[in-house]
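Peer 1: need a 3D model of the following:
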Amino acid sequence: MFDWSDLRHLIAVSRHGSTLAAAKALGVNQSTVHRRLTELESRIGLTLVKRHTTGYRLSELGETLIDNVLAVEAAVGMLERQIQALKLDLKGIIRLTCPEPTVSRIVATGLLDRFYEQYPGLSVEFVTSDRYLDIAKGEADVAFRSGEPTDDRLIGRKICDSVWAIYASKSYIQQHGRPQNITDLAGHAMIGFDGIMQNHRAAKWLPVAVPDARIVNRNNSMLGTLSAVKSGIGVAPLPTTLGDAEETLVQVLPPVEELNRSWYLLTHPDLRRTPRIAAFVDHVLADIPALRTALIG
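Peer 2: Sure, this is the predicted structure:
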């Protein structure tokens, strides 16, 4: 029938005796106070205020209801204080898993600083890995993950797209030239993947796209692959977030559609309902632009 904001305007007029004074107290325009009072009276079908030469006063019906209205104000105030107290009382650790290269970028956005300002009792612990940790088994609480979710036990939301291209160092190009297309990669030294990176989409793409690839180095982490490319030993696919950020690297071939995926924020439904995880997930979802900056630049 009406919402709390309607009652706030009625209380303000009752306390301050005019719509102008009520508007100043509420930080709104005088016309807004008039409109909200009119809407309130229309919704409940009663006249609550009357205009007098000295300002506005409650009508007899308004006087009858005002004690109950003030009780609502007190209850809302208590609820707001309890909510704030719960926020301040939240304590614990949120274990966040993500690829190691994204940690510094996430920190640099101020996303976590803003979270700690709201929830000083909570802290985020990064659990970095190039493999997908099992959230359902308790290896982490929340994940920033690139690639379509395959674990139907998890819930989450798409954050942005992950774009990959082919990179080489400036020193490599000076010595060996620059590939003009994917086929040309067969004539270049390539950096491959090993260990936990063997099942990565880039590891699966390389032998299909470049069957005769000459692999000169293999890495089991994305940072290791980045370091290898920077050293000038060979050419490799990298996320544009990483490759474009390095002054010594050149994007020798444009984004490869087969390697592009999406970034997701994921957690388990049971964890999503816990106060500390809910606080973190809700904070991230309210600040998605900052997270996109961290993940894709």
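Peer 1: what part of the protein, helix or strand, is modelled with the least confidence?
Peer 2: In the chain, the helix or strand scored least confidently by mean pLDDT, DSSP states H and E is strand 55-58, which has a mean of 74.
Peer 1: neighbouring strands - and their directions - for that one?
Peer 2: Sheet pairing of strand 55-58 (DSSP bridges) gives strand 49-52 (antiparallel).
Peer 1: now the partner strand, how far from the chain's geometric center?
Peer 2: The gap between the average C-alpha position of strand 49-52 and the chain average comes to 49 Å, counting by CA atoms, centre = their mean, to the nearest Å.
Peer 1: give the rounded mean pLDDT of it.
Peer 2: Predicted confidence along strand 49-52 averages 79 (mean pLDDT).
Peer 1: same thing with stretch 181-199?
Peer 2: Averaging the model's pLDDT scores along stretch 181-199 yields 91.
Peer 1: show me what counts as buried in that stretch.
Peer 2: Applying a neighbour-count criterion of 16 or more other CB atoms under 10 Å, one finds 184, 185, 188, 189, 190, 191, 192, 193, 197 buried in stretch 181-199. All C-beta spots, glycine's among them, are computed from the backbone N, C-alpha and C.
Peer 1: please apply the same query to stretch 288-297.
Peer 2: Within stretch 288-297, the residues that qualify as buried by neighbour count (16+ other CB under 10 Å) are 290, 291, 293, 294, 295, 296.
Peer 1: now swap in stretch 61-70 and tell me
Peer 2: Buried residues in stretch 61-70, defined by neighbour count with 16+ other CB under 10 Å: 62, 65, 66, 69.
Peer 1: so which of these comes closest to residue 98?
Peer 2: Nearest to residue 98 among those: residue 69, at 49.1 Å, using CB to CB.
Peer 1: the closest one touches residue 10, doesn't it?
Peer 2: Yes: the pair residue 69 and residue 10 passes the contact test of CB atoms under 8 Å, sitting 6.3 Å apart.
Peer 1: pLDDT below threshold where in the chain?
Peer 2: Within the chain, the ranges that satisfy pLDDT under 70 run 1-2, 53-55, 81-82, 84-89, 297.
Peer 1: just the strands from it, written as ranges.
Peer 2: With DSSP state E as the definition, the chain shows strands at residue ranges 49-52, 55-58, 92-98, 122-128, 142-146, 155-162, 164-169, 189-193, 214-219, 236-239, 249-253, 261-267.
Peer 1: which residues does the first one contact?
Peer 2: Yep, that's strand 49-52 we're talking about. With contact meaning CB atoms under 8 Å, 6 or more residues apart in numbering, strand 49-52 is reached by 10, 13, 14, 37, 41, 56, 57, 58, 59, 62.
Peer 1: and the second one, by the same measure?
Peer 2: With contacts defined as CB under 8 Å, 6+ apart, strand 55-58 is touched by 13, 14, 17, 18, 19, 21, 48, 49, 50, 66.
Peer 1: repeat the analysis, applying 6 Å as the threshold.
Peer 2: Applying CB atoms under 6 Å, 6 or more residues apart in numbering, the external contacts of strand 55-58 come out as 13, 14, 17, 18, 49, 50.
Peer 1: CA atoms only for it, dumped as PDB, please.
Peer 2: The C-alpha trace of strand 55-58 is given here as PDB (Å, rounded to 0.1, in the frame of the first residue of the first chain):
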ATOM      1  CA  GLY A  55       2.400  26.000   8.300                       C
ATOM      2  CA  TYR A  56       1.300  22.300   8.100                       C
ATOM      3  CA  ARG A  57      -0.300  20.300  10.900                       C
ATOM      4  CA  LEU A  58      -1.500  16.800  11.200                       C
END
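Peer 1: quick one: buried residues of it?
Peer 2: Within strand 55-58, the residues scored as buried using 16+ other CB under 10 Å are 56, 58.
Peer 1: same check on the third one?
Peer 2: Judged by neighbour count using 16+ other CB under 10 Å, the buried positions of strand 92-98 are 94, 95, 96, 97, 98.
Peer 1: got it, and the first one?
Peer 2: Neighbour-count burial for strand 49-52, counted by 16+ other CB under 10 Å, picks out residue 49.
Peer 1: restricting to C-alpha, output it in CSV.
Peer 2: Coordinates of the C-alpha atoms in strand 49-52 are reproduced here as CSV (Å, rounded to 0.1, in the frame of the first residue of the first chain):
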residue,chain,number,x,y,z
VAL,A,49,-2.1,16.9,7.0
LYS,A,50,-3.8,20.3,6.8
ARG,A,51,-2.4,23.6,5.8
HIS,A,52,-2.7,26.4,8.3
